[in-house]
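S.K.: here is the input, now give the coordinates:
(one chain, ligands or ions: 3)
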Amino acid sequence: MISAYTGTQIREAEKPLLDSGMGAVLMQRAAYGLAHAVVSELRTRGSRLYGCSVVVLTGKGNNGGDGLFAAAHLAGRGMRTTAVLAADSAHPDALAAFERAGGRVVHLTEANAPDLAAQAGRADVVIDALLGTGAQGGLRGSAAALVSLLAERPPRLAVACDVPSGLNSDTGETAGPVLFADLTVTFGGAKAGLLADPGADYAGTVHVVPIGIEDGLPWPALRRLEPSDLATLLPSPSRRSHKYSRGVLGVVAGSTAYPGAAVLACRGALAAGVGMVRYLGPPDVADLIRQSCPEVVCSTGTVADTHVQAWLVGSGMDGADDEQMQHVRDAADSGLPTVADAGALPALPDVLAPQVVLTPHAGELATLLQRLGAGMDREAVEAATLAAARQAAGLTEATVLLKGATTLVASPYQDFYSQSDGTPWLATAGSGDVLAGVIGALLAQVGSDVGRFRAAGIDPDERWAAIAAMAASLHARAGAAASNGAPLTAGRVAEAIPGIWDKVSALSNQRPWERNSRSHRLR
Ligand SMILES: NC(=O)C1=CN([C@@H]2O[C@H](COP(=O)(O)OP(=O)(O)OC[C@H]3O[C@@H](n4cnc5c(N)ncnc54)[C@H](OP(=O)(O)O)[C@@H]3O)[C@@H](O)[C@H]2O)[C@@H](O)CC1
Ligand SMILES: Nc1ncnc2c1ncn2[C@@H]1O[C@H](COP(=O)(O)OP(=O)(O)O)[C@@H](O)[C@H]1O
Ligand SMILES: [K+]
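M.R.: Ligands and ions are numbered 1, 2, ... in the order given. From the prediction side, this is the model:
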């Protein structure tokens, strides 16, 4: 599991070490880690090191200090280093070390910003050390002008020191221009703002350098599940499992206008290991489901008399169908874990419960927030995804999964997940329906398995967010595998899920059915 922190949390963890006079040591660790990461990246790209040109953009604070010390290390390896000082002062020891190592220093002014931007654009490496966690707002003045000009002619390799300057390390929000980094080398722990859009757009690959503060870090602001976490958390049947014990998912989805959404949701659920899918909906949609997914059991009853462990409601639904909308409300009100997608979102009460997982994309989240009196349009949601998801979870008291390039999951309590395991090819019609199916399948299978989450260090009350994050990761990984860089259709995402499941499960030796069958043979 990757943990990410706000800049404030990192600074608090640093404080005892700074108070005991370790500040210079921490900075050396950070700078060495940054220089080492630049060298590794150049080697990976097959670039030469000796004679390579490096421009380090520096501000007046410790972030600039890290950049200057790192550039001094690089100068020591024979690189041609230039520091562009963007403020009226620079970290004195770091500047002295840089000059001793043979680095060239130029002062940025409004007049020379175009020339320096052109020079930086021609460099082999630009290190962005203008602002770090101490930033108040975005880049200003000539530093902002330089970065805007550089964006028009980006360098071959841009490396952000701790965070891309001008990016809010807590929220991932930007104010003013920010240089797109190929690599962000961040110190002491990942910053939450690097793992949420739009921050993730600017951060590139995030590399964490431990600097010795890790023991003092608090509960993370954000976490990201990795394949090893999926291996631990995904269910596998025991030798005596039967279809009902494995979990039954009820699906209320589709309409005459969008029958395919119900089919795709069912395919996603079936691919994600549910014991059975029961479908409740209009006869024409049920007919299509019978033809496309004969495994699904279609019924005509009500929510109350359909025995399931979880519900999936809303994908492809038509708000004008009163009977279906009643099913949606009944499912959300049933107390069972329920994933509420697309057409269900406008039909639900304002205040829900944590086991209800809402799955809006940015536009749907904006509509939901507006209904709840929080004035955010789609653009505002996209510019502040962490804040928007958190606010929606707080207002609805539900678990909120915000879909996008980075998918965020906010629990109404404190846990927050960010998954970014996919490919832009997933932005294809029906892909969200498959995701809803995967979430529903996992809710039905592990929703009541409190011990599974406790054993993995997840508060059982917050397991709904973890389940949604597991589903987002499986779905995204399946999409990436099925696409392999080429166009993708939603049905193929569903087809790729068992393969990904098998791949991640192989990382764990916890396969109870294998364990059970071995001990059976021994007896
Ligand atoms: N603590 C440690 O020991 C370690 C910290 N580490 C490193 O330190 C970084 C944090 O350093 P930091 O606290 O010095 O803040 P930093 O981000 O460099 O800049 C703040 C300075 O910039 C200024 N300023 C602010 N906003 C501005 C704006 N919009 N536009 C222009 N200027 C602006 C502000 O000046 P003022 O506004 O007060 O005039 C202030 O002086 C952290 O990211 C990591 O890289 C590592 O070495 C590990 C050990
Ligand atoms: N640029 C992107 N990169 C990676 N994944 C994406 C991107 N855009 C969308 N996705 C994913 O694709 C799915 C799209 O869902 P949604 O917008 O509901 O589509 P639909 O309603 O057509 O099914 C979500 O899982 C989302 O996270
Ligand atoms: K920076």
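S.K.: number of nearby residues for residue 245?
M.R.: Neighbourhood size, residue 245 [other CB atoms under 10 Å]: 13. In short, each C-beta sits where N, CA and C put it, glycine included.
S.K.: do the same with residue 226
M.R.: 15.
S.K.: give the buried residues for stretch 227-236.
M.R.: 227, 229, 230, 231, 232, 233, 234, 235, 236 (16 or more other CB atoms under 10 Å).
S.K.: could you list which of these belong to helices?
M.R.: Judged by DSSP state H, helices contain the following of the buried residues of stretch 227-236: 227, 229, 230, 231, 232, 233.
S.K.: my guess is the first one contacts residue 505. True?
M.R.: No. Assessed by CB atoms under 8 Å, residue 227 is found out of contact with residue 505, at 9.5 Å.
S.K.: picking that back up, got JSON lines for the buried residues of stretch 227-236, with distance to ligand 2 and pLDDT too?
M.R.: As requested, the buried residues of stretch 227-236 are arranged in JSON lines below (distance: CB to the nearest ligand atom, whole Å; pLDDT from 0 to 100):
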{"residue": "227", "distance to ligand 2": "17", "pLDDT": "95"}
{"residue": "229", "distance to ligand 2": "19", "pLDDT": "95"}
{"residue": "230", "distance to ligand 2": "16", "pLDDT": "96"}
{"residue": "231", "distance to ligand 2": "22", "pLDDT": "94"}
{"residue": "232", "distance to ligand 2": "23", "pLDDT": "93"}
{"residue": "233", "distance to ligand 2": "19", "pLDDT": "96"}
{"residue": "234", "distance to ligand 2": "18", "pLDDT": "96"}
{"residue": "235", "distance to ligand 2": "21", "pLDDT": "93"}
{"residue": "236", "distance to ligand 2": "24", "pLDDT": "90"}
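S.K.: chain center to stretch 313-328: distance?
M.R.: 30 Å (CA atoms, centre = their mean, to the nearest Å).
S.K.: for residue 164, see how far away the residue in the stretch 1-150 of the chain that ligand 2 sits nearest to is.
M.R.: Closest approach between the stretch 1-150 of the chain and ligand 2, counting by CB to the nearest ligand atom: residue 2, at 17.8 Å. To residue 164, residue 2 is 18 Å away according to CB to CB, to the nearest Å.
S.K.: could you do residue 155 as well?
M.R.: For residue 155, the distance to residue 164 - CB to CB - is 13 Å.
S.K.: ok, residue 317 next?
M.R.: From residue 317 to residue 164 the distance is 40 Å (CB to CB).
S.K.: same thing with residue 377?
M.R.: 25 Å.
S.K.: tell me which of the two has more neighbours.
M.R.: residue 164 (28 against 14).
S.K.: surely the more buried one forms part of a helix?
M.R.: No. Assignment of residue 164 by DSSP: H, G, I helix; E, B strand; the rest coil gives coil, placing it outside any helix.
S.K.: in the stretch 351-500 of the chain, which residue sits closest to ligand 3?
M.R.: residue 386 (19.4 Å; CB to the ion).
S.K.: that residue touches residue 169, doesn't it?
M.R.: No. The pair residue 386 / residue 169 is not scored as a contact, 11.5 Å apart, by CB under 8 Å.
S.K.: off-centre distance for the helix or strand containing residue 451?
M.R.: Residue 451 belongs to helix 450-455 when assigned by DSSP states H and E. Chain-centre distance of helix 450-455: 23 Å, with CA atoms, centre = their mean.
S.K.: average pLDDT for it?
M.R.: Mean pLDDT, computed over helix 450-455, is 94.
S.K.: only alpha carbons, please: show it as CSV.
M.R.: What follows is helix 450-455, C-alpha atoms only, in CSV (Å, rounded to 0.1, in the frame of the first residue of the first chain):
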residue,chain,number,x,y,z
VAL,A,450,-14.9,-7.7,8.5
GLY,A,451,-11.9,-9.8,9.6
ARG,A,452,-10.4,-9.7,6.1
PHE,A,453,-10.1,-6.0,6.3
ARG,A,454,-9.1,-5.8,10.0
ALA,A,455,-6.2,-8.2,9.2
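S.K.: buried residues in it, which are they?
M.R.: Neighbour-count burial for helix 450-455 [16+ other CB under 10 Å]: 452, 453.
S.K.: any idea how many residues pack against the residue in the stretch 351-500 of the chain that ligand 2 sits nearest to?
M.R.: With CB to the nearest ligand atom as the measure, residue 432 is the residue of the stretch 351-500 of the chain nearest to ligand 2, at 2.0 Å. Look at residue 432: counted by other CB under 10 Å, it has 26 neighbours.
S.K.: ok, residue 279 next?
M.R.: Using other CB under 10 Å, residue 279 has 26 neighbouring residues.
S.K.: bridging residues for it?
M.R.: Note on residue 279: beta-bridge partners by DSSP bridges are residue 251, residue 298.
S.K.: show me what contacts it?
M.R.: 250, 251, 253, 262, 266, 285, 286, 289, 296, 297, 298, 299 (CB atoms under 8 Å, 6 or more residues apart in numbering).
S.K.: so what's residue 121 up against?
M.R.: Counted by CB under 8 Å, 6+ apart, residue 121 has contacts 150, 153, 154, 155.
S.K.: would it count as being in a strand?
M.R.: No. According to three-state DSSP, residue 121 belongs to no strand; its state is helix.
S.K.: separation between it and ligand 1?
M.R.: 22 Å (CB to the nearest ligand atom, to the nearest Å).
S.K.: is ligand 1 contacted by the stretch of helix or strand residue 93 belongs to?
M.R.: Using DSSP H and E, residue 93 sits within helix 92-100. No. On the criterion CB under 6 Å from any ligand atom, helix 92-100 is out of touch with ligand 1, staying 9.4 Å away.
S.K.: which positions within that helix qualify as buried?
M.R.: For helix 92-100, by 16+ other CB under 10 Å, it's 94, 95, 97, 98.
S.K.: go on, stretch 351-363?
M.R.: Those would be 352, 353, 354, 355, 356, 357, 358, 359, 360, 361, 362, for stretch 351-363 by 16+ other CB under 10 Å.
S.K.: distance between the ends of it?
M.R.: Distance between the two ends of stretch 351-363: 20 Å, counting by CA to CA, to the nearest Å.
S.K.: so who does residue 440 touch?
M.R.: Residue 440 touches 249, 251, 265, 268, 269, 274, 310, 311, 312, 339, counting by CB under 8 Å, 6+ apart.
S.K.: repeat that for residue 243.
M.R.: 275, 276.
S.K.: surely it is in a strand?
M.R.: No. With three-state DSSP as the criterion, residue 243 is located in coil rather than a strand.
S.K.: where does the prediction get shaky in the chain?
M.R.: 509-523 (pLDDT under 70).
S.K.: residue numbers of it in contact with ligand 2?
M.R.: Going by CB under 6 Å from any ligand atom, the residues of the chain near ligand 2 are 361, 403-405, 407, 422-424, 426-427, 429-433, 435, 475.
S.K.: need the next SSE after the helix holding residue 451, C-terminal direction.
M.R.: Past helix 450-455, the next helix or strand by DSSP H and E is helix 463-483.
S.K.: next, count neighbours for residue 365.
M.R.: 28.
S.K.: I appreciate the help and will end here.
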